[in-house]
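1. Sequence below, structure please.
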Amino acid sequence: MIFTTAEALDKGREYAVQGEHRDAIGLFRGVLVHEPENFEAMLRLGSSLFEMKDYYEALYWFWRARKINRRHPLALTNYGLCLSQVGHPEEGVSDLERAAAIVTKENAPLAIRALVYNNLGNTLERLCRHVDALAAFDKGIAADPHDAFPHYNRGIALLRLNRRHEAIAALNRSLELSGRVDVSASRLNNADALYNRAMALLLLGDFKNGFRDYEARLHTSEHKREISLPAEKEWKGEPWGDKPLFVCAEQGIGDTIQFLRFLPALRERGPVILAVQTALQPMVKDTWPDLPLLPARAQIPNDSYSHWVQLMSLPYRLGVETEADLPAPWWFPVYTDRVERWRAELPPNNGLTVGICWAGNFQHKNDDHRSIPLHTFGRLFDAPCNFVSLQQMRQGEEEEFRTLKALHPNLSALFLDDWRDTASVLLNLDLVITADTAVAHLAATLGLPTWILVPAYSTDWRWQLERIDSPWYPSVRLFRQTKVGDWSQTLDAVRKVLIDETGSSRNNASASGGIISVRRSDGGPDLAA
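-> Purely as a prediction, here's the structure:
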């Protein structure tokens with residue numbers, strides 16, 4: 001079919017509105033072949049490329065449009081937003097702010113003003129300028145109070161600030177405006193809004209509603225299933241008969257360690273197959289020798305299982321509503337020979353021996369906030385303890401660690417690549433001090449006194465807010481960051497408590513996170529021969 005330029009633009013707009021961006025892109029490219037300086041075609045081509053996540057080519061077309069008209073708010077806002085999307089939000093702010101100033105001064109149509117302020121708010125949010133982002137979202141909402149997106153984005157900013165009640169209200173409004181509130185909603189933003197409302201509810205300790213909304217994670221852009229599973233076979237809590245229930249571990253190793261506590265309740269109901277991270281398989285096999293194991297994200301024939309369920313859906317499917325419903329942590333055997341072998345690798349037991357871990361997976365989206373720079377963590381090392389690093393060190397940290405070790409002879413390191421060895425080392429320690437990592441979950445699962453350093457920004461839902469203990473692990477004590485980006489005060493507080501409790505009788509230490517005097521006695525896994 002042959003179109004005129006105007007017809008091609010109209011048809012491309014129609015395709016774009018319908019979400020058929022590939023067809024729209026073809027038409028907009030065709031227009032630009034005939035009219036290389038067609039401003040609208042550049043903007044619309046960039047927008048469809050952006051929707052297809054082809055951000056770098058989109059950035060090129062927005063840049064071209066911006067060169068043609070440096071005062072067009074859509075050219076400016078799209079260019080600035082795209083810069084943010086490719087990892088340069090600080091460079092995009094100036095164009096976004098110029099666009100906001102223009103739409104305000106020229107009294108642009110309300111829909112355009114709402115869009116421009118929403119884009120500005122999103123970019124400020126990426127830069128952790130949450131208060132400024134809230135102000136931008138509020139201006140966008142004032143321009144168009146019936147657009148669900150600014151309410152959603154406002155909820156995210158409030159959640160990052162740990163203003164969870166306000167966040168829930170904003171997310172509720174977004175869901176109302178989008179017209180759908182169920183976890184299977186397919187309309188854009190619904191699943192993300194439900195998932196983030198789950199984060200706010202779980203931070204408040206509302207397990208009943210929080211885990212209900214947490215199911216939406218399976219439908220979000222960030223947490224879509226990485227294996228293909230038939231929707232009709234998703235387990236909802238019903239009996240599953242003779243064929244096994246296929247349980248799929250998800251997210252990180254720490255999440256799996258935390259949620260394996262729910263597996264015994266399932267095994268009481270019927271046969272189970274577990275797909276789990278390879279690194280944890282030996283420990284899982286030691287715990288349940290008859291349990292069939294597969295690698296995480298494994299593909300298996302649909303007729304080999306009755307139903308499937310994601311591991312982190314088990315609290316909801318098993319009816320967990322309050323802290324009292326939580327089962328005890330995963331109980332796995334630890335072997336005496338490993339424990340004794342690693343004891344010989346530790347410093348002489350002439351004082352408190354403390355395991356340390358300052359950083360988690362560098363790929364975690366909140367790594368910049370939950371992991372702690374080694375030089376900052378080193379504020380602890382002049383306390384009168386033996387410090388043993390359990391950290392898988394990152395590039396450049398080994399040299400920094402050697403420098404710190406030269407200053408602190410009480411500092412040593414073990415390099416472990418087997419979680420059974422890590423558990424065995426932990427059983428030789430008196431205490432673990434760690435950032436929010438898988439080591440924290442393993443130590444707490446073992447019942448070892450575990451002090452976890454919790455970031456103020458985007459606090460993980462499982463540690464909730466304000467409390468210093470955890471319903472998931474009786475032996476955990478939480479030390480919370482008091483200022484985003486600054487760990488110094490928190491570590492100074494940890495150091496003070498460590499010195500105070502080291503100086504007191506370890507026999508009188510609290511079982512709810514204080515220092516114990518006997519290394520790994522009762523209350524945890526049996527030491528198998």
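2. Please, where are all the strands along the stretch 151-300 of the chain?
-> Along the stretch 151-300 of the chain, counting by DSSP state E, counting those that start in this stretch, strands occupy 245-248, 272-276, 293-295.
3. Okay, residue 414 and residue 353: tell me how far apart.
-> Residue 414 sits at a distance of 12 Å from residue 353 (criterion: C-beta to C-beta, to the nearest Å). C-beta: built from backbone N, CA, C; applies to glycine.
4. Look at the two and report which has more neighbours.
-> Between residue 414 and residue 353, residue 353 has the larger neighbour count (other C-beta atoms under 10 Å), namely 20 against 15.
5. Grab the nearest non-local neighbour of the more buried one.
-> Among residues not flanking residue 353 along the chain, residue 386 sits closest, at 4.6 Å (C-beta to C-beta, 6 or more residues apart in numbering).
6. And for that neighbour, the neighbour number?
-> Using other C-beta under 10 Å, residue 386 has 20 other residues around it.
7. now the one 10 residues further on
-> Applying the criterion other C-beta under 10 Å, we find 9 residues in the vicinity of residue 396.
8. what do you get for residue 371?
-> Close neighbours of residue 371, defined as other C-beta under 10 Å, add up to 23.
9. Identify the residues contacting the nearest residue to it once chain neighbours are set aside.
-> Nearest non-adjacent residue to residue 371, counting by C-beta to C-beta, 6+ apart: residue 359, 3.7 Å away. The contact partners of residue 359, by C-beta atoms under 8 Å, 6 or more residues apart in numbering, come to 367, 371-372, 374, 391, 394, 435, 437.
10. returning to that earlier point: what do residue 414 and residue 353 both touch?
-> Common neighbours of residue 414 and residue 353 (C-beta under 8 Å, 6+ apart) are residue 388.
11. Buried ones among the contacts of residue 359?
-> By neighbour count, with 16 or more other C-beta atoms under 10 Å, the contacts of residue 359 hold 371-372, 374, 391, 435, 437 as buried.
12. In strands, which of those appear?
-> Taking DSSP state E as the definition of strands, those contribute residue 435.
13. tell me which of the buried ones among the contacts of residue 359 is nearest to residue 459?
-> Using C-beta to C-beta, residue 435 is the member of the buried ones among the contacts of residue 359 that lies nearest residue 459, at 12.8 Å.
14. Am I right that the closest one is in contact with residue 452?
-> Yes: using C-beta atoms under 8 Å, residue 435 is in contact with residue 452, at 7.5 Å.
15. residue ranges for the helices of the stretch 201-350 of the chain, please.
-> Ranges of helices in the stretch 201-350 of the chain, per DSSP state H, counting those that start in this stretch, are 207-214, 253-259, 263-267, 281-287, 314-317, 336-343.
16. oh sorry, the question was meant for the stretch 51-200 of the chain
-> All helices of the stretch 51-200 of the chain, identified by DSSP H, counting those that start in this stretch, fall at 55-68, 73-85, 89-105, 110-126, 130-143, 148-160, 164-178, 190-203.
17. Out of the ones you listed, flag the one nearest residue 266.
-> Taking C-beta to C-beta, helix 190-203 is the member of the helices of the stretch 51-200 of the chain nearest to residue 266, at 21.6 Å.
18. Packing partners of that closest one?
-> Helix 190-203 sits against helix 148-160, helix 164-178, helix 207-214, with contacts defined as 3 or more C-beta pairs under 8 Å, 6 or more residues apart in numbering; DSSP states H and E.
19. Mind listing what's buried along the second one?
-> In other words, helix 164-178. The neighbour-count check on helix 164-178 (16+ other C-beta under 10 Å) flags 164, 166-171, 173-175, 177-178 as buried.
20. which outside residues touch it?
-> Here helix 164-178 makes contact (C-beta under 8 Å, 6+ apart) with 146-149, 151-152, 154-156, 158-159, 181, 185, 187, 189-190, 193-194, 196-197, 200-201, 203-204, 465.
21. what distance separates the start and the end of stretch 261-281?
-> End-to-end distance for stretch 261-281, by C-alpha to C-alpha, to the nearest Å: 15 Å.
22. tell me the mean pLDDT for it?
-> What stretch 261-281 shows for mean pLDDT is 96.
23. and that stretch, how far out from the chain's middle?
-> 23 Å (C-alpha atoms, centre = their mean, to the nearest Å).
24. Would you mind listing the outside residues contacting that stretch?
-> For stretch 261-281, the external contacting residues (C-beta under 8 Å, 6+ apart) are 227, 239-249, 253, 256-257, 284, 288, 291-298, 300, 304-305, 311, 314-315, 318, 326-330, 419.
25. and that stretch, which residues are buried?
-> Residues 261-263, 266, 271-277, 279-281 are the ones in stretch 261-281 that count as buried (16+ other C-beta under 10 Å).
26. How about stretch 289-307?
-> Of all the residues in stretch 289-307, those buried under the rule 16+ other C-beta under 10 Å are 291, 293-294, 296, 305-307.
27. same deal with stretch 368-383?
-> For stretch 368-383, a neighbour-count test (16+ other C-beta under 10 Å) marks 369-372, 374, 377-381, 383 as buried.
28. first vs last residue of that stretch, how far apart are they?
-> The straight-line separation of the ends of stretch 368-383 (C-alpha to C-alpha) is 26 Å.
29. Just give me how far it sits from the chain centre.
-> Distance of stretch 368-383 from the chain centroid (C-alpha atoms, centre = their mean) equals 21 Å.
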